[in-house]
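Peer 1: Attaching a predicted model along with its sequence, questions to come.
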Amino acid sequence: MGKINGCLKCIFVFFNVLFAIFGALLIYGLLQTSASYKGEFSSLNVPGLIFWVFAICFFGVSSLGIFATCCESIIGLKLFASFMGIGMIIMLYCGITVARRRHEIETAFRDELQRANLREEVLRSMVEGIQSNFHCCGLTSPGDWVYEIPDSCKCSNGRYGGSGDFGSPRCQSKPQGIRGPDEIYEQPCIIELLNLGFNILFGFFFGFAIIALLGLLIAICMINQIKSDNSRESMYLRKY
């Protein structure tokens with residue numbers, strides 16, 4: 001009979017198998033990307049290096065958790081718990097850093113978008129899709145379209161002026177001297193893009209921090225179960 005609760009062991013191994021598969025898929029995707037671009041992205045590229053470290057750590061730590069749990073190894077579980085603790089601290093630090101530097105990131109992103117040329121077909125199609133889905137107009141303002149505002153900016157289901165109903169877009173008159181719909185969305189798309197981007201980042205960092213915390217707590221629980229069982233065995237041997 002195992003020293004770790006069978007149900008707890010199965011759940012822990014199951015989720016670690018899922019995470020190991022996810023890590024393996026990330027590694028496979030990175031290998032395919034590297035093969036496709038053949039050196040266009042250097043291996044010393046900082047974002048690429050971060051992805052590689054994340055994928056390898058994800059796969060390696062999950063594999064360690066599976067091995068340590070199946071073998072009921074205290075050393076392996078302690079090592080796994082240490083990685084979970086470090087990972088949780090890193091994720092929390094990154095999430096808090098992004099939250100504190102949000103204004104700087106927004107400013108840099110805004111400056112970059114202001115240099116964008118909406119006359120380029122690929123960028124124009126992308127922005128029009130964003131406008132239709134997020135009910136916004138222009139990257140930084142409707143004036144980004146220069147001469148003609150597309151129909152995707154047309155505001156027909158919102159309120160003109162005021163704060164608008166909850167969840168409904170606000171409308172405004174189109175700028176003077178620009179062709180296009182008479183009423184357009186008031187909100188520029190950069191706000192929607194930034195909000196979406198930050199929500200994804202916060203969800204990623206704090207979500208993985210919670211997962212790491214749960215992994216740490218379960219690992220500690222299993223370590224205590226093994227120690228408790230070992231203590232009972234020692235007492236039994238001393239008694240007999």
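Peer 2: Arrived safely, thanks for sending.

Peer 1: okay, now the domains of this structure?
Peer 2: 6-105+206-239, 120-192 (automatic domain parsing).

Peer 1: Let me see the mean pLDDT of the last one.
Peer 2: Put plainly, it is domain 120-192. Average pLDDT, domain 120-192: 77.

Peer 1: same deal with the first one?
Peer 2: Domain 6-105+206-239 comes out with an average pLDDT of 85.

Peer 1: Now do the helix or strand containing residue 127: which elements does it pack against?
Peer 2: Residue 127 belongs to helix 121-134 when assigned by DSSP states H and E. The contact analysis (3 or more Cβ pairs under 8 Å, 6 or more residues apart in numbering; DSSP states H and E) places helix 121-134 against helix 189-239. C-beta coordinates here come from the backbone N, C-alpha and C atoms, glycine included.

Peer 1: Now do the helix it packs on and helix 121-134, the angle between them.
Peer 2: Interaxial angle of helix 189-239 relative to helix 121-134 (axes from the mean of the first three to the mean of the last three Cα atoms, to 10 degrees): 70 degrees.

Peer 1: Please list the outside residues in contact with the helix holding residue 127.
Peer 2: 116-118, 136-139, 150, 152-153, 185, 189, 192-193, 196 (Cβ atoms under 8 Å, 6 or more residues apart in numbering).

Peer 1: buried ones in that helix?
Peer 2: Residues of helix 121-134 classed as buried: 127, 130-131, 134 (neighbour count, 16 or more other Cβ atoms under 10 Å).

Peer 1: Work out the gap between it and the centre of the chain.
Peer 2: 23 Å (Cα atoms, centre = their mean, to the nearest Å).
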